[in-house]
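Enquirer: could you work out the structure for the sequence below:
(2 chains)
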Amino acid sequence: MKKGRYGNYGGQYIPETLMTAVQEVEAAYEHYKNDPEFVKELDELYRNYAGRPSLLYYAEKMTKDLGGARIYLKREDLNHTGSHKINNVLGQVLLAKKMGKTRVIAETGAGQHGVATATAAALMGMECEIFMGKEDTDRQALNVFRMELLGAKVHAVTSGTMTLKDAVNETMREWTRRVDDTLYVLGSVMGPHPFPMIVRDFQKIIGKEIREQLMEREGRLPDAVIACVGGGSNAMGAFYEFIPFESVALIGCEAAGLGVDNPRNAATIANGSEGIFHGMKSLFCQDEYGQIAPVYSISAGLDYPGIGPEHAMLHDTGRAVYVPVTDEEAVSAFEYLSRTEGIIPAVESAHAVAYARKIAGTMDKDKIIVINISGRGDKDVAAIARYRGVEIYE
Amino acid sequence: MSRIAEAFQNGKAFIPFVTGGDPSLEVTKELIIAMEQAGADLIEIGLPFSDPIAEGPVIQEANERALAAGCTTDKLFEMVKEVRQIVKVPLVFLTYMNPIYIYGKERFMKRCRETGIDGIIVPDLPFEEKQELAPDCEAYGIDLISLIAPTSKKRILKIAADAKGFVYCVSSLGVTGVRSEIRTDIRSMTALVRQATQIPCAVGFGISTPEQAAAMAAVSDGAIVGSAIVKLVAKYGADSREPVFEYVKKMKDALRGI
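Expert: Below is the predicted model of the structure:
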């Protein structure tokens, strides 16, 4: 496969102004990923700062309630900053520091990646600016203040649809404005090469731990790994280790909003088509002339009109399957996991829980499902209350 | 000699840009005719895209206005076909990869040729991905314009050596938009271009005043102006013809005799 390509997908479709910068990132990453000192420092951060390895928890009550496959939850929600985003961010900000950069910028949807980036920047003494759609700064006001507490400057993006895709546009524009001292810490397995690769590599620890932990508990591989997919970083992180093992079903859950047949959804695999946008060839929600579609999901983190190029390839080859999950199913799963296991998942992760609820009961009791709980749901409590018609003042 | 090469025979070239369909395709057509009459040597037409990542707020908003007013790739091609009966200067599209890709790369270039588009500028198609479009461009005789930026440094030689039509020299870091001063050492960028190729090199991004245009043209073969014109269109809407004509005339006059 050509460098930076995933089958037909991937590539580097970005302005000339950024080409030197992405090549510099690639060269630095290729160097440091095998540098024993870098590897050691990152491992140290994972263990003693982020709290890795994250737990693999046997959800006994949920298993009994659904009456089928044994269900395990990979607790990325227990990481420092409350989601899997910290895995990638510690890697990239450490890389930025090694490269001599003094400033990091990032986009954020739900605010999880922004909070993680602001955290790593505070820890490593870097200047930090976060771009977040105006609509998301309203939906996730608490995370905005959290980033500011951590010393980051938060820009509310008012262009376009004022959500995640526009935040990515604005962060790319900012990077072309100030490229010398700045690294764009991309939050998902998307964008131009080398980002889909770098983010995957920093997230693949999720699947690696799942395999080791399950081997210890059950002495075998899981039968299915389920994760939510927006750009797709937590799913890629959970899937990657298992790609060679055909017996493990890899299931990505995309945000279907009000339903795949309703215009208000963000289900890229269900409704998207091949295109070139945000630096990559992949699948996108778009119209007949290639204008990117305004997408919608209750979850700000999945509210993105594209998907990472490696997921697009896994979809084409059939190695992974992608299923749509609606707002209503996700909210109901959010409430279900809270009540059943005492774990409040991020509304993003609740999409994966929702699909597990659908299939667990249809599977034999000796089967094993692992759900990646990519983040915790504290940030979503007010939005879920609103969805259920209760007004809460944060 | 191609129409684009001819455009640089009339002294330093002045290259204005308008967003197609902003505020309507009728106005765009009128503006293209007026800009040629005012002395434009080559005209760039923006094919609107929902997410133009190389543009600053002025052109972003023009894209939004054009799309909201119903401009589509097909309608824009129809307008070009009509205006081509009237104007002689080269017409170049500026757009992003996705609208071309979705229209069908070959179908897009074929329509360019049929309607009278001479070249295309695609800001999110760097040298490394050129092959995505170059074969279809060559098959239909459409020049794929290459861009160089202040960060290009030693990349300039290989980009320029392989360039068609003219080399678009991006004057500044960041996105399109008016700037009070341009600090990049354009002279050394264009000197590198000239080492590698005979084709002309025009400078764009940030230029709005006759003085800036003259300074940029003095170290290159021409000046490109977008946001300053799009601002006039935003302000005057359907009545933009006169102010845009006057502006282009003033800018072209500033380039005469350099």
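
Enquirer: chain A versus residue B:19, what's the distance?
Expert: 14 Å (Cβ to the nearest Cβ, to the nearest Å). The way it works is simple: take the backbone N, C-alpha and C, and place the C-beta from them, glycine included.

Enquirer: show me what contacts that residue?
Expert: B:28, B:45-46, B:48, B:59, B:62-63, B:65-66, B:230, B:233 (Cβ atoms under 8 Å, 6 or more residues apart in numbering or on different chains).

Enquirer: is it bridged to anything, and to what?
Expert: residue B:46 (DSSP bridges).

Enquirer: am I right that residue A:190 sits in a helix?
Expert: No - read with DSSP: H, G, I helix; E, B strand; the rest coil, residue A:190 is coil and lies in no helix.

Enquirer: could you report the neighbour count for it?
Expert: Neighbourhood size, residue A:190 [other Cβ atoms under 10 Å in any protein chain shown]: 28.

Enquirer: thinking again about what came up before, of the contacts of residue B:19, select the buried ones using a PyMOL command.
Expert: The following PyMOL line selects those of the contacts of residue B:19 that are buried, judged by 16 or more other Cβ atoms under 10 Å in any protein chain shown:
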select buried, chain B and resi 28+45+46+48+59+62+63+65+66+230+233
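
Enquirer: which ones among the contacts of residue B:19 map onto strands?
Expert: B:45-46 (DSSP state E).

Enquirer: farthest-separated two in the contacts of residue B:19?
Expert: Farthest-apart pair in the contacts of residue B:19 is B:45 and B:65; separation 14.9 Å (Cβ to Cβ).

Enquirer: chain neighbours aside, what residue packs nearest to the residue in the stretch 101-250 of chain B that chain A sits nearest to?
Expert: Closest approach between the stretch 101-250 of chain B and chain A, counting by Cβ to the nearest Cβ: residue B:102, at 3.1 Å. Spatial nearest neighbour of residue B:102, excluding adjacent residues (Cβ to Cβ, 6 or more residues apart in numbering or on different chains): residue A:290 at 3.1 Å.

Enquirer: give me the number of residues near the one you found?
Expert: 23.

Enquirer: that older thread, separation between the residue of the stretch 101-250 of chain B closest to chain A and residue A:281?
Expert: From residue B:102 across to residue A:281, the span is 12 Å (Cβ to Cβ, to the nearest Å).

Enquirer: quickly list what's touching both of the two.
Expert: With Cβ under 8 Å, 6+ apart, residue B:102 and residue A:281 have common neighbours residue A:275.

Enquirer: which of these two has more neighbours?
Expert: More crowded of residue B:102 and residue A:281, by other Cβ under 10 Å: residue A:281, with 25 against 21.

Enquirer: wait, is the more buried one part of a helix?
Expert: No - assessed with three-state DSSP, residue A:281 is strand; it does not lie in a helix.

Enquirer: who in the stretch 1-150 of chain A is up against chain B?
Expert: A:11-21 (Cβ under 8 Å from any Cβ of the partner chain).

Enquirer: switch the residues you listed over to TSV; also include secondary structure and neighbour count.
Expert: Compiled in TSV, those are given as follows (DSSP: H, G, I helix; E, B strand; the rest coil; neighbours: other Cβ atoms under 10 Å in any protein chain shown):
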residue	secondary structure	neighbour count
A:11	strand	26
A:12	strand	26
A:13	strand	27
A:14	coil	27
A:15	coil	23
A:16	helix	26
A:17	helix	27
A:18	helix	24
A:19	helix	21
A:20	helix	18
A:21	helix	19
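
Enquirer: which parts of the stretch 1-150 of chain A are helices?
Expert: Ranges of helices in the stretch 1-150 of chain A, per DSSP state H, counting those that start in this stretch, are A:16-32, A:36-45, A:60-66, A:85-98, A:112-124, A:134-139, A:141-149.

Enquirer: mean pLDDT for these: which is lowest?
Expert: Among the helices of the stretch 1-150 of chain A, helix A:134-139 carries the lowest mean pLDDT, at a mean of 88.

Enquirer: and that helix, how far out from the chain's middle?
Expert: Distance, stretch centre to chain centre, for helix A:134-139: 18 Å (Cα atoms, centre = their mean, to the nearest Å).

Enquirer: next, the contact list for the residue of the stretch 101-250 of chain A found nearest chain B, please.
Expert: The nearest approach of the stretch 101-250 of chain A to chain B comes at residue A:177, 3.6 Å away (Cβ to the nearest Cβ). Applying Cβ under 8 Å, 6+ apart to residue A:177 gives the contacts B:173-175.

Enquirer: of those residues, which is the most crowded?
Expert: residue B:175 (27 neighbours).

Enquirer: just the element for that residue, please.
Expert: Under DSSP states H and E, no helix or strand contains residue B:175.
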